[in-house]
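Trainee: pasting a predicted model and its sequence here:
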Amino acid sequence: MKRRVVITGLGVIAPNGVGKDEFWKSLKEGKSGITRITRFDATTYPCQVAGEVRNFDPTNYMDPKTAKRMDRFSQFALACAKMAVEDAGVKVGDNFLENAGIVVGSAMGGIPLAEAQHALFLEKGLKRVSPYLAISLFTGSASCQISIALGIKGYSNVIGGACAAGTDAIGYAFDIIKDGKIDMVVAGGAEAPLAPLTFGAFCVIDALSKINGNPARASRPFDAERNGFVMSEGAGIVVLEELGHALKRGARIYGEIIGYGTTYDSFHMVQPSPDGKQAARAVEMSLQDAGISHQEIDYINSHGTSTPLNDKMETKVIKDVFGERAYKIPINATKSMIGHTLGAAGALEVIVSALAIQNQFLHPTINYEFPDPDCDLDYVANGGRAAEVNCLLTNSYGFGGKNSALILKKFSK
């Protein structure tokens, strides 16, 4: 018999809010975190907007010496992990050490520190390179730092599955708890990609929005005038537990994860397969894993990147899977307000999904102003709404044709 897996703790750092309460308030109000880039001079770039986290001080979560040893994405991850563990009411002690696991995803790893140190190396030579660079570059450094800070010594893994990394980290954690390998996992994703060369590389492939005059309007999923995604930074970490473990310690339960599916298009490194067959299969796999019918999904938190091809493909996938009922399922796009946090995106959207269940409310998809005949579903456009949220789907896609889907439901004994 498969074990049940519940969400008991949330940690959030996003461009429109640090902490789950500020984040959720901003989402409900339709508040965008997209602004003009201040991290570096982008005046010569075709895209000059991003989702920067402006009110984050790492020393609120760790001592300055520890913070200095990390790239920004690891700082985000550790801060969110501490938030999530505190929110879950977990006491870090001897019993926590070997009975908790960790799975953290990231697409880019320690990019900003690497770029800054490379510039210093070219200007002043090897002797000026930080001794912390080697331990901060790799994608797994975030999970290592969390493990050291919290004393997690159980099952662990690092996920690098592009923009689906956060979803896959939570999906992987769900599987290992469900299969009885461990009772609790700290899981999610973190990203801090706003560095000149990395940002420029996405400009070169024409992936980013060029709506620079009004940054808050630049991310516009499913809108006919969308012309690229907005790159952002942030992190989302959750605490997942086996149901009996959570109930035994009297934990608050946000919701239950019941299904996970993942596939590859095997088509192209950047473009999604236009037929959407493998993306649809990932959803079907998640439904089968959950043991539920298509009729039971009453809300979809979309990947919704604001790119022409992705939003069209995702809409097609939803129609292919749900048929005529697709028009009756509300769908929203968190990225309309926070942009695309790459490897953290799916984890943040799982947190949004859990908060939607808890609050029985769907945040708006902002900036949906000009209807696209290829994107003609109910996107909860420009105003949130109260809704009965019992069972939901959240989608994630990534470079290389990665497709992942998770099913969450309202908890009941």
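Mentor: Nice, thanks for sending it over.

Trainee: in the stretch 51-200 of the chain, which spans are strands?
Mentor: 100-105, 156-159, 184-191 (DSSP state E, counting those that start in this stretch).

Trainee: save the ones you listed as JSON lines, and put in distance to residue 8 and mean pLDDT too.
Mentor: Every residue, glycine included, has its C-beta placed from N, CA and C. Listed next are these as JSON lines, based on distance: least, Cβ to Cβ, whole Å; pLDDT from 0 to 100:
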{"stretch": "strand 100-105", "distance to residue 8": "12", "mean pLDDT": "95"}
{"stretch": "strand 156-159", "distance to residue 8": "19", "mean pLDDT": "92"}
{"stretch": "strand 184-191", "distance to residue 8": "8", "mean pLDDT": "98"}
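
Trainee: buried deepest among the ones you listed, which one?
Mentor: Of the strands of the stretch 51-200 of the chain, the one with the most neighbours on average (mean count of other Cβ atoms under 10 Å) is strand 184-191, at a mean of 34.

Trainee: neighbouring strands - and their directions - for that one?
Mentor: strand 100-105 (parallel), strand 234-242 (antiparallel) (DSSP bridges).

Trainee: can you put these in JSON lines and add distance to residue 86?
Mentor: Shown next, in JSON lines, are those (distance: least, Cβ to Cβ, whole Å):
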{"stretch": "strand 100-105", "distance to residue 86": "14"}
{"stretch": "strand 234-242", "distance to residue 86": "10"}
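
Trainee: about what we covered before: nearest to residue 200, of the strands of the stretch 51-200 of the chain?
Mentor: Checking the strands of the stretch 51-200 of the chain against residue 200 by Cβ to Cβ gives strand 184-191 as the closest, at 16.8 Å.

Trainee: now the closest one, how far from the chain's geometric center?
Mentor: Relative to the centre of its chain, strand 184-191 is centred 10 Å away, using Cα atoms, centre = their mean, to the nearest Å.

Trainee: using PDB, list the CA coordinates for it.
Mentor: In PDB, the C-alpha atoms belonging to strand 184-191 read as follows (Å, rounded to 0.1, in the frame of the first residue of the first chain):
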ATOM      1  CA  MET A 184      10.300  13.600   5.900                       C
ATOM      2  CA  VAL A 185      12.000  15.500   3.100                       C
ATOM      3  CA  VAL A 186      12.900  19.200   2.700                       C
ATOM      4  CA  ALA A 187      12.500  19.800  -1.000                       C
ATOM      5  CA  GLY A 188      12.200  22.500  -3.600                       C
ATOM      6  CA  GLY A 189      14.200  24.800  -5.900                       C
ATOM      7  CA  ALA A 190      16.400  27.900  -5.900                       C
ATOM      8  CA  GLU A 191      17.700  30.200  -8.500                       C
END
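
Trainee: before we move on, the earlier item: and residue 25, which of the strands paired with strand 184-191 is closest to it?
Mentor: Once the strands paired with strand 184-191 are compared by Cβ to Cβ, strand 234-242 is nearest, at 16.0 Å.

Trainee: what's the closest of the strands of the stretch 51-200 of the chain to residue 219?
Mentor: By Cβ to Cβ (comparing all of these), the closest turns out to be strand 184-191, at 15.7 Å.

Trainee: list the helices and strands whatever helix or strand residue 245 lives in packs on?
Mentor: Using DSSP states H and E, residue 245 maps to helix 243-248. Under the contact criterion of 3 or more Cβ pairs under 8 Å, 6 or more residues apart in numbering; DSSP states H and E, helix 243-248 touches strand 5-14.
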